[in-house]
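*Asks:* only geometry, no sequence info:
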Ligand code: NAI
Ligand code: 15L
């Protein structure tokens, strides 16, 4: 059991899931976000913090032996916003982890690191990054940072390229990319239970019939996703029209992110 688990982005969609379902991993859970949070149990501590503030992030990480890093901008935006939260922010987090001796991190990367691959391609952890947005580039930066801090300073990170982690798949692309909340929770549990983690790239995806990504290189984690988006196939097909064959949501793994404009400051 961890002494103190830090969950960043605790006010967000996945942060709320982590807060509700992962507190058994640690004696104390420190929740942080740029928005205000209130402790709801004895073992919870809440600290408001902008990841762009290096000193505040150092104080945040003090005393934590594990981090689930979910905080940051989670979609495309102006470079200034992406840079503060996802580039400066993740650097501040790893520097704080190095200085304060925190040795294991679950890093929420994204499928948008490889979003410009086409949907007929099958990828594993060896695929060269092909980011589709500034957001995807910022996640690629975070992945490189995690690898550098692993090789130089021994910090172990699960680099998780999450697909689409929502209660259920809501469009045709998500029949391939969906990750259920249960499979997300069980992955975080495995990441903090495995004796030796290393610094693997893991595709955060359920056991979907239509998935594009191969996780066989991380069998050693013991993670066996249980859900399958195929259960929702009829519902998704009934609710969403078939896109044209050359529509970005039908061509690119990153879907519509592949045609996002560059947002201006
Ligand atoms: P979200 O947008 O709901 O939550 C992100 C949280 O980070 C928010 O509560 C926000 O207030 C906080 N945040 C933003 N800027 C911040 C800053 N400068 N300092 C401190 N906190 C800040 O996103 P969601 O869906 O919960 O995703 C969590 C993580 O997983 C994100 O890093 C996202 O990029 C990644 N991810 C999520 C996917 C999904 O399907 N939900 C897919 C791929 C990646
Ligand atoms: C992401 O990286 C986003 O954070 C999330 O909001 C979804 O858009 C997801 O990817 C996706 O590709 O479905």
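*Replies:* Everything's here; your move. Only a predicted model underlies this, so the values are computations on that prediction, with no experimental measurement involved. Ligands and ions are numbered 1, 2, ... in the order given.

*Asks:* pretty sure residue 184 is touching residue 20, no?
*Replies:* No - the pair residue 184 / residue 20 is not scored as a contact, 11.7 Å apart, by Cβ atoms under 8 Å. Yep, even glycine has a C-beta here, placed from its N, CA and C like the rest.

*Asks:* which of the two has more neighbours?
*Replies:* For the pair residue 184 and residue 20, the greater number of neighbours falls to residue 184 (24 against 11), based on other Cβ atoms under 10 Å.

*Asks:* Could you measure from that one over to ligand 1?
*Replies:* Computed with Cβ to the nearest ligand atom, to the nearest Å, the distance linking residue 184 and ligand 1 is 9 Å.

*Asks:* ok, the residue nearest to that residue when sequence neighbours are not counted - contacts?
*Replies:* Of all residues not flanking residue 184 in the chain, residue 165 sits nearest, at 5.3 Å (Cβ to Cβ, 6 or more residues apart in numbering). Neighbouring residues of residue 165 by Cβ atoms under 8 Å, 6 or more residues apart in numbering: 13-14, 178-181, 184, 204.

*Asks:* show me the contacts for whichever residue of the stretch 151-265 of the chain sits closest to ligand 2.
*Replies:* For the stretch 151-265 of the chain and ligand 2, the shortest gap (Cβ to the nearest ligand atom) falls at residue 164, measuring 3.3 Å. Shown in contact with residue 164 (Cβ under 8 Å, 6+ apart): 111, 173-174, 177-179.

*Asks:* which two in these are spaced the farthest apart?
*Replies:* By the measure Cβ to Cβ, 173 and 179 form the most distant pair in these, at 13.0 Å.

*Asks:* In helices only, show me the contacts of residue 165.
*Replies:* 13-14, 181, 184 (DSSP state H).

*Asks:* ok, residue 209 - how many residues close by?
*Replies:* Residues near residue 209, counting by other Cβ under 10 Å: 11.

*Asks:* Show me which residues of the stretch 151-265 of the chain are close to ligand 1?
*Replies:* 162, 164-166 (Cβ under 6 Å from any ligand atom).

*Asks:* what ranges do the strands span in the stretch 1-150 of the chain?
*Replies:* According to DSSP state E, counting those that start in this stretch, the stretch 1-150 of the chain carries its strands in the segments 2-8, 26-33, 44-48, 66-69, 104-110.

*Asks:* okay if I get those strands as a markdown table plus mean pLDDT?
*Replies:* Formatted as a markdown table, those follow (pLDDT from 0 to 100):
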| stretch | mean pLDDT |
| --- | --- |
| strand 2-8 | 98 |
| strand 26-33 | 98 |
| strand 44-48 | 98 |
| strand 66-69 | 99 |
| strand 104-110 | 99 |
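
*Asks:* Of these, which is nearest ligand 2?
*Replies:* Comparing the strands of the stretch 1-150 of the chain by Cβ to the nearest ligand atom, strand 104-110 comes nearest, at 3.5 Å.

*Asks:* Run the contact check for the closest one versus ligand 1.
*Replies:* Yes - using Cβ under 6 Å from any ligand atom, strand 104-110 comes into contact with ligand 1 via 108, 110.

*Asks:* Can you tell me what sits against that strand?
*Replies:* Residues outside strand 104-110 that contact it (Cβ under 8 Å, 6+ apart) are 9, 14, 65-70, 72, 90, 93-94, 97, 135-136, 139, 142-143, 146, 155-162, 187-188, 191-192, 197, 201.

*Asks:* Pull out the buried residues from the ones in helices among the contacts of residue 165.
*Replies:* By neighbour count, with 16 or more other Cβ atoms under 10 Å, those hold 14, 181, 184 as buried.
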